[in-house]
Structures are given as structure tokens and as C-alpha cells.
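Engineer: build the 3D model from these lines:
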Amino acid sequence: MNQLFIRAGNFMSSFAKEEDGAQVIEYALIIAVVSIALVIALQGLTTGGYFTTFIERVAACLSGDMVTCAG
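Structural biologist: Numbering: from 1, shown residues only. Below you'll find the predicted structure:
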């Protein structure tokens, strides 16, 4: 039983010393900032209508509507 507590203590101390989790959080924050920047940039493109037209043409091409796709 004493051996179990020693192993559990060793596991907890090694878990507390690990720094891999900090890197994951840093990457998550970078991805969040990039995502917010993309949303802001895409909102700027949709106000002129050009981006909406582009998305509609891509959707037409993917659905097989070659008349709209060739536009």
C-alpha cells in the first residue's frame, strides 16, 4: 500500500513539472487571434458584395451549375 502512495506521489510531481500544456494553451491563443482577424477581414469583404458573389459562384461550380459557374 505504501508503494502505491509513492508511485502516486511521483506521478503527481512529474505531472506538475510538465510544461507541454503551456505550449498547447499558447497555440490555442494564437489560433483564436488569427480566427478573430479572419472574421474581421471577411466582414470587410462582405460589405462590398464581392465576397458574397464569389461564394455564390464557388457554390454553383461545386453543385455542377456550369452556366452560373462560367458567369
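Engineer: rounded mean pLDDT for the helix or strand that contains Ile36, please.
Structural biologist: In this structure, Ile36 sits in helix 20-46 according to DSSP states H and E. Predicted confidence along helix 20-46 averages 83 (mean pLDDT).
Engineer: that helix: how far from the chain's middle?
Structural biologist: 7 Å (Cα atoms, centre = their mean, to the nearest Å).
Engineer: after that helix, next one along is what?
Structural biologist: Taking DSSP H and E, what comes next after helix 20-46 is helix 50-63.
Engineer: list the buried residues for that next one?
Structural biologist: Ala60 (16 or more other Cβ atoms under 10 Å). To be clear about C-beta, it is placed using only N, CA and C from the backbone, and glycine gets the same treatment.
Engineer: in the following helix or strand past it, what's buried?
Structural biologist: As assigned by DSSP H and E, the chain's next helix or strand after helix 50-63 is helix 66-70. By 16+ other Cβ under 10 Å, helix 66-70 has no buried positions at all.
Engineer: just the CA trace of helix 66-70, in CSV.
Structural biologist: Provided in CSV are the C-alpha atoms of helix 66-70 (Å, rounded to 0.1, in the frame of the first residue of the first chain):
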residue,chain,number,x,y,z
MET,A,66,-21.9,25.4,-65.3
VAL,A,67,-23.9,28.3,-66.6
THR,A,68,-23.6,30.3,-63.3
CYS,A,69,-20.1,29.0,-62.8
ALA,A,70,-18.8,30.3,-66.1
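Engineer: what helices or strands is that helix leaning on?
Structural biologist: helix 50-63 (3 or more Cβ pairs under 8 Å, 6 or more residues apart in numbering; DSSP states H and E).
Engineer: quick one, the helix it packs on and helix 20-46 angle?
Structural biologist: 100 degrees (axes from the mean of the first three to the mean of the last three Cα atoms, to 10 degrees).
Engineer: so how far is Val34 from Leu59?
Structural biologist: Not Leu; residue 59 is Ala. 25 Å (Cβ to Cβ, to the nearest Å).
Engineer: quick one on the thing from earlier: for the helix holding Ile36, name the packing helices and strands.
Structural biologist: Packed against helix 20-46 by the contact rule (3+ Cβ pairs under 8 Å, 6+ apart) you find helix 50-63.
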